[in-house]
Every structure is written in C-alpha cells, then in structure tokens.
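Novice: Next comes the sequence, and after it the predicted model I'd like to discuss.
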Amino acid sequence: MKDNLPLSFSNFVGLKRVKQVLKHPSSSKGSFLFFGSIGCGKTDVARTHGAVLNCKNPDTIDWGSCGKCVSCRGQQWLHHFNCRSRSIQLLVEVIQRAYTFSPTHKVTCVVFDEVHLLSESDQEAMNKLLDPNAIPSHCLLIFTTHKRSKVSMSFSSRFIGLEFEPPTDPEMKTLASRIVRREGHDLSERQISAVIAKANGIPRLLLHAIEEEVRFSRG
Ligand SMILES: [Zn+2]
C-alpha cells in the first residue's frame, strides 16, 4: 500500500460554515447534501472529511488526515459513485451495505455525486433509507449536486444541506498563490491576475490555468 497525500480542510479557501458544521462532533456524521456551483470542492471536501474521521493520527485543528496510516492508505472506508451511470438498485444496495458496521474502519463514507440526475421516483425510493433515524452512527452519507432545484423537497429534507459558495476574489488569489508555490512555479502578480480571470471563480480550473500560463511564459 502506498501512502496517500494527506487531505486537509486547510486546502480549501472560504467555506467557513461547511467546515464549522463538519468539524463539530455533533454534526460530523449523518446524511448531507452538498450543493453549489461546479468546481467548488464538494467532492474533495467529502473525501477529506471521511479521511479525517477514519485517520488514526488526524490533525483535529486543521481537520487533516495523515496520509500514512493503514486507513489513509487503504481507503476501505470510501465508496464513491456518480449517479449518472449507476442504477437505483445499486445505489440502494450500497447504502444498505454501508449500514452494516465494518470492523475494518470507524466511519463508512458513501459519496454520491450529481444526485440531481436521479429521477423523482428514484429519489422517492431512497427516501425511506435516508430517514435520519435509520442512519447508523458509523455512517457518513454525502450527496452532491450543482442543481439543487432538481432535487425534490421531500428528498432534500432528509439531509443536512450545506451550501458551497464560490470563493471571493481575494480567496481565489490566496488559492492561486498557494498552488503556484506548491508546484514550484514563479508567476508575477500580473500573471496570477490573468490566471484568476481565466478560472472565472472556479477553484478546480486554477491548476490548469496556471499550467497554461507557465507554458505560455516559457514560450
Ligand atoms: Zn491517517
């Protein structure tokens, strides 16, 4: 088993409320709906949170995992699906399996991306399973969507809803500078501004925009 990169909430700019809720012992588990625009870190925050809850040597201040312990390396606690390509039967089975306690890890973390792609009847089929009283304490279920309006009211009422707001310009600048340093590049203030403009408020696009700028400046 190879080491995995340590994951940490400090890698994400902004998202103050999201971090606050997830770090709080009374609200760190259960079922969540992460909603907000594309590329704002919903899936990455979900994985990070699961990693920290399972890590044998977690950083409880910055909410980070060590990347080295058996849990961080094996990641047996993580089940990650995209609703686009999966049948409702499989998704229901995954949740049912997650409800059975596994002695290999503390918290079973199931992430379903693009939950708005489930039809209303599929959402209905999951509703019973997601009754807050039915969810065992070792379970963390996270559903993500960038189209909250396509998630029915009765379905979304099952979740703790957390909004991922796009970063502000200063937050984008902090993140861009951090990535530039991490990747060992040297970009001027003007180049960083150009990169931020290109990423258009979407953190996920920053790395690509930075690499493009570096290639361009090398000519
Ligand atoms: Zn660890």
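Specialist: On my side now, so go ahead. Numbering: from 1, shown residues only.
Novice: Buried residues of the helix or strand bottoming out on mean pLDDT in the chain, list them for me.
Specialist: Lowest on mean pLDDT, DSSP states H and E among the helices and strands of the chain sits helix 120-127, with a mean of 89. Buried residues in helix 120-127, counting neighbours by 16 or more other CB atoms under 10 Å, are found at 122, 123, 126. The C-beta positions use only the backbone N, C-alpha and C, and glycine is treated the same way.
Novice: Quick one: residues in contact with that helix.
Specialist: For helix 120-127, the surrounding residues in contact (CB atoms under 8 Å, 6 or more residues apart in numbering) are 88, 91, 92, 95, 115, 118, 151, 152, 154, 155, 158.
Novice: contacting residues for the third one?
Specialist: What that stands for is residue 92. Residues counted as contacts of residue 92 (CB under 8 Å, 6+ apart) are 125, 126, 129.
Novice: Roughly how far does residue 66 sit from residue 200?
Specialist: Separation of residue 66 from residue 200 (CB to CB, to the nearest Å) stands at 34 Å.
Novice: Which one's more surrounded, the two?
Specialist: A count of neighbours by other CB atoms under 10 Å puts residue 66 above the other of residue 66 and residue 200, at 19 against 11.
Novice: if you skip the residues just before and after it, what's nearest to that one?
Specialist: Take residue 66 and drop its neighbours on the chain: the residue closest to it by CB to CB, 6 or more residues apart in numbering is residue 57, 4.3 Å away.
Novice: likewise residue 15?
Specialist: Leaving aside its sequence neighbours, residue 15 sits nearest to residue 164 (CB to CB, 6+ apart; 6.4 Å).
Novice: so the one you found touches residue 16, yeah?
Specialist: No: in this structure residue 164 lies outside contact range of residue 16 using CB atoms under 8 Å: 11.3 Å.
Novice: Which residue of those two possesses the greater neighbour count?
Specialist: For residue 164 and residue 16, the more surrounded residue by other CB under 10 Å is residue 164, and the numbers stand at 23 against 9.
Novice: so how far is residue 187 from that one?
Specialist: Here residue 164 is placed at a distance of 27 Å from residue 187 (CB to CB).
Novice: what's the answer for residue 112, then?
Specialist: Using CB to CB, residue 112 is found at 37 Å from residue 187.
Novice: what about residue 190, how many residues close to it?
Specialist: By other CB under 10 Å, neighbour count at residue 190 equals 8.
Novice: picking up where we left off before, most neighbours among the contacts of helix 120-127, please name it.
Specialist: residue 115 (27 neighbours).
Novice: Many thanks, we can stop here.
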